[in-house]
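J.: just the structure for this:
(chains A and B)
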Amino acid sequence: MSIFSRREFLQVAVATAALTGGGGPLGLTRVAAQQAITEADLLGFENHGNVTLVHLTDIHAQLMPVYFREPSVNLGVGDVNGLPPHITGEDFLKMYNLTPGSPEAYALSSVDFAALAASYGKLGGIDRIATVLKAIRAERPDNTLFLDGGDTWHGSYTALESRGADMVEVMQALKPDAMTGHWEFTLGAERVEELIEGLGFPFLGGNVRDTEWDEAKFESTAFVERGGVKIAIVGQAFPYTPIANPRWMMPDWSFGIREEDVQANVDAARAAGAELVVFLSHNGFDVDRKLASRVSGIDVILTGHTHDALPEPVQVGNTLLIATGSNGKFLSRLDLDVSGGVVKSWRYKLIPIFSDVITPDAEMTALVDRIRAPHADKLARVVGRTDTLLYRRGNFNGTFDDLICQAMLDEREADIALSPGFRWGTSVLPGQEITVEDVFNATGMTYPATYRINMTGAFLKEVLEDVADNLFNPDPYFQQGGDMVRVGGLGYTIDPLKSIGSRISDMTLVKTGAPIEADKDYAVAGWASVNEGTEGPPIWDVVMDWIGKQDTVSLPENRSVRVVGM
Amino acid sequence: MSHHVTRRTAMALGGAALVAGVAGITPAHASEIDERISEFTGGAEAQSGRISIDAPEIAENGNTVPIGITVDSPMTDDDFVEAVIVLAAGNPRPGVATFHFSPASGEAAAKTRMRLAKTQDIVAVARMSDGSFYRENRTVKVTIGGCGG
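T.: Modelled structure (predicted):
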């Protein structure tokens, strides 16, 4: 039985309309009453063809339902300016013809997030995902293929504490046909090999080689047969792992896009008789869009890394690109009719995992409870309360990072704070308590030291320029898929369309209003340095200490970044 | 000894070049690159094509960047690649390696590792047995990194 009956959900939807203001600019009152959803609605799908692909990616170890606000700013440069996923807010709703205030609008966009979250509740939960997966498998026992795009063994307290073991156990219960990875590697090469050893399903990464002999580190391809169709799954780990994350954690492994190897692996799969080639990728959406235009023979790319959730596939030539979102909010189902080595037709649904609508799978609930039980008290401990909606996603800033930066400025007595532009990290609604679990969802990782060092103005400029080029290089193959480094105590202007060295200007020290001087030293606090031997307290301690000193967290609107030229 | 450059010798070559390349921090001037190329070509014009440079888009470790050079050639007695020079345009000393080949090499392919001080173009120029030259460039980015998704 679902927690919300259909009737209750309808009432919730109506309450939403009241909450967000009748007759408001989005006309919520009018539409909300039509927006009730049921488990049957969410699972409803007319079977199609002979193969069903189910895709889950970037869940960042979120076993429980979460609030996760999608970005309101996600700029695209070059050829992809204005194309999905570089469409946000109301433009996104218009592009996909979604009704403002509807469950889909809440799940997929940032519009009215806090108000809609209060009514529609959390998304995700691995036990709800298990329910959906089981239902699809029950309906299509001989046709279903389930694939995990990675960033699975990282992002929560329990994943950190168990060094990924909790997620491995959970995924072994869900039995994917293959996975690939990224943050997995930040557990360290040795631990990754140890976990893969007992995994029970293939860990694919055709683009990972050992640095000494340039030999393949992981299998590139797995073959399975479903619905009489021979299927090749070609796996691609995050190409820039040793650059975006600490290389010292996987010193003997080399990554990269390795486009020619991808083509060779696809060709080899076809030569071996594959009638359907699926690219299970952690490249990031724009990288995969470019790759799809240059590598032939891929039918479907299951994208990941950049956390985009798109309600429809993007087609590049004969390749379908699927974007399944993050943090367990969605599961993708793609039914394909494959015949003679060609996809004749398809049907797709991005299934939002409304946690109050989908009945949890009892076995999985029990497993999650067992994993969390030893830590339940710690995770539930309240460290403070917030008046501000706390979220991370967005190109330039997020309020959770504003909080982290302010904590570092105050606790570490710094002039300037830097916080990495990660895309993981869940949201906390205004008026809610902040728990230890919330803090770990935003900070839990294996290189958490909060450093405090002097940097010159010139070096700070170099850092900002470097990260901006990783985000806004017009050639997607040079994009690393994170967002802009978050800053505290520092203001700047950015023109994303300029080239490296010229994007950043007007750097200002917020506390004095004075321009940043190239030769002057500034005390900078930050965390998640990729350098080995970085010293300082773990960021979660700094953040929890700071929150504990606030009556209620209330953050002013961040006006420190000015975007020009777009 | 065959002129086929094995991975081992290519790595040794790269190592030798590395030692030469570390002195000073001032990047080579464009004129120095041009000078090195015209020294190699004897002033002849280099055409584009036939060379492919295999290098990462972004270097994982600027101190040792793997690159591979392949020149499309039948490698017969009448038509083969004689030599390829590899230059790093943004390094203080641009010379990285010179590879020599003969028809006995079988293919004109070599791998090496180089140090790159910053984002720059890798330039490869090949001298063919008929006296013609080919040239290819490939940009490799060197980044501070640290903020991926």
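J.: apart from its neighbours in sequence, what residue is nearest residue A:560?
T.: Take residue A:560 and drop its neighbours on the chain: the residue closest to it by C-beta to C-beta, 6 or more residues apart in numbering or on different chains is residue A:491, 4.0 Å away. Every C-beta, even on glycine, is put in place using the N, C-alpha and C of the backbone.
J.: contacts for the helix or strand where residue A:168 lies?
T.: Following DSSP states H and E, one finds residue A:168 within helix A:165-174. For helix A:165-174, the external contacting residues (C-beta atoms under 8 Å, 6 or more residues apart in numbering or on different chains) are A:61, A:63, A:126, A:129-130, A:133, A:146, A:148, A:152-154, A:158-159, A:179, A:195, A:198-201, A:363-364, A:367-368, A:371.
J.: and the helix or strand that comes right after it, how far out from the chain's middle?
T.: Helices and strands here follow DSSP H and E; after helix A:165-174, the next one along the chain is strand A:178-179. Taking the mean of its C-alpha atoms, strand A:178-179 sits 17 Å from the chain's own mean (C-alpha atoms, centre = their mean, to the nearest Å).
J.: which other helices and strands does strand A:178-179 contact?
T.: Counting contacts by 3 or more C-beta pairs under 8 Å, 6 or more residues apart in numbering or on different chains; DSSP states H and E, strand A:178-179 packs against strand A:144-148, strand A:229-236.
J.: rewinding a little: from the contacts of helix A:165-174, which ones fall inside strands?
T.: Of these, the ones assigned to strands by DSSP state E are A:146, A:148, A:179.
J.: show me the contacts for residue A:492.
T.: With contacts defined as C-beta under 8 Å, 6+ apart, residue A:492 is in contact with A:464, A:504, A:505, A:506, A:507, A:508, A:560, A:561, A:562.
J.: excluding its backbone neighbours, what's nearest the fourth one?
T.: The spatially closest residue to residue A:506, leaving aside those adjacent along the chain, is residue A:493, at 4.2 Å (C-beta to C-beta, 6+ apart).
J.: residues of the stretch 401-550 of chain A that sit close to chain B?
T.: For the stretch 401-550 of chain A, the contact set with chain B under C-beta under 8 Å from any C-beta of the partner chain comprises A:420-424, A:462-463, A:466-467, A:469-470, A:477-478, A:480-485, A:500, A:528-530.
J.: so, low pLDDT: which residues of the chain?
T.: Unless you meant another one, I'm taking chain A. With pLDDT under 70 as the threshold, chain A has low-confidence stretches at A:1-35.
J.: nope, chain B please
T.: Within chain B, the stretches falling below the threshold (pLDDT under 70) are B:1-29, B:145-149.
J.: what is the spatially most central residue of it paired to in the beta sheet?
T.: For chain B, the residue nearest the mean C-alpha position is residue B:86 (2.2 Å; C-alpha atoms, centre = their mean). Beta-bridge pairing of residue B:86, defined through DSSP bridges, involves residue B:97, residue B:124.
J.: report the separation between it and residue B:133.
T.: To residue B:133, residue B:86 is 14 Å away according to C-beta to C-beta, to the nearest Å.
J.: residue boundaries of the strands in the stretch 301-450 of chain A?
T.: All strands of the stretch 301-450 of chain A, identified by DSSP state E, counting those that start in this stretch, fall at A:314-316, A:319-323, A:330-339, A:342-352, A:382-385, A:416-419, A:433-435, A:450-456.
J.: pull up the pairing partners for the first one, direction included.
T.: This points to strand A:314-316. Sheet pairing for strand A:314-316, using DSSP bridges, gives strand A:319-323 (antiparallel).
J.: please apply the same query to the third one.
T.: Based on DSSP bridges, the pairing partners of strand A:330-339 within the sheet are strand A:51-56 (antiparallel), strand A:342-352 (antiparallel).
J.: nearest residue to residue A:444 other than its sequence neighbours?
T.: Taking C-beta to C-beta, 6+ apart, and ignoring the residues beside it in sequence, residue A:444 has residue A:160 as its nearest neighbour in space, at 4.5 Å.
J.: if you could redo that for residue B:144, that was the one I meant.
T.: Of all residues apart from its sequence neighbours, residue A:466 sits closest to residue B:144 (C-beta to C-beta, 6+ apart), at 4.7 Å.
J.: thought residue A:228 was touching residue A:49?
T.: No: no contact is recorded between residue A:228 and residue A:49 when judged using C-beta atoms under 8 Å, the distance being 11.1 Å.
J.: so for these two, which residue has more residues nearby?
T.: Applying other C-beta atoms under 10 Å in any protein chain shown to residue A:228 and residue A:49 shows that residue A:49 carries more neighbours, namely 19 against 12.
J.: once you drop chain neighbours, what's closest to the more buried one?
T.: Spatial nearest neighbour of residue A:49, chain neighbours left out: residue A:337 (2.9 Å); criterion: C-beta to C-beta, 6+ apart.
J.: next: residue A:161.
T.: residue A:375 (6.7 Å).
J.: next, count neighbours for that neighbour.
T.: Here the count is done by other C-beta under 10 Å, and residue A:375 has 18 residues near it.
J.: can you report how many residues neighbour the residue nearest to residue A:87 when sequence neighbours are not counted?
T.: The shortest distance from residue A:87 to any residue that is not its chain neighbour, by C-beta to C-beta, 6+ apart, is 5.4 Å, and that residue is residue A:95. A count of neighbours around residue A:95, defined by other C-beta under 10 Å, yields 15.
J.: how much space separates residue A:95 from chain B?
T.: Counting by C-beta to the nearest C-beta, to the nearest Å, the gap between residue A:95 and chain B amounts to 23 Å.
J.: hang on, that residue packs against residue A:84?
T.: Yes: with contact defined as C-beta under 8 Å, residue A:95 and residue A:84 form a contacting pair (7.0 Å).
J.: can you tell me how far the residue of chain A found nearest chain B is from residue B:108?
T.: Among all residues of chain A, residue A:244 sits closest to chain B, at 2.3 Å; criterion: C-beta to the nearest C-beta. When C-beta to C-beta is applied, the distance between residue A:244 and residue B:108 equals 35 Å.
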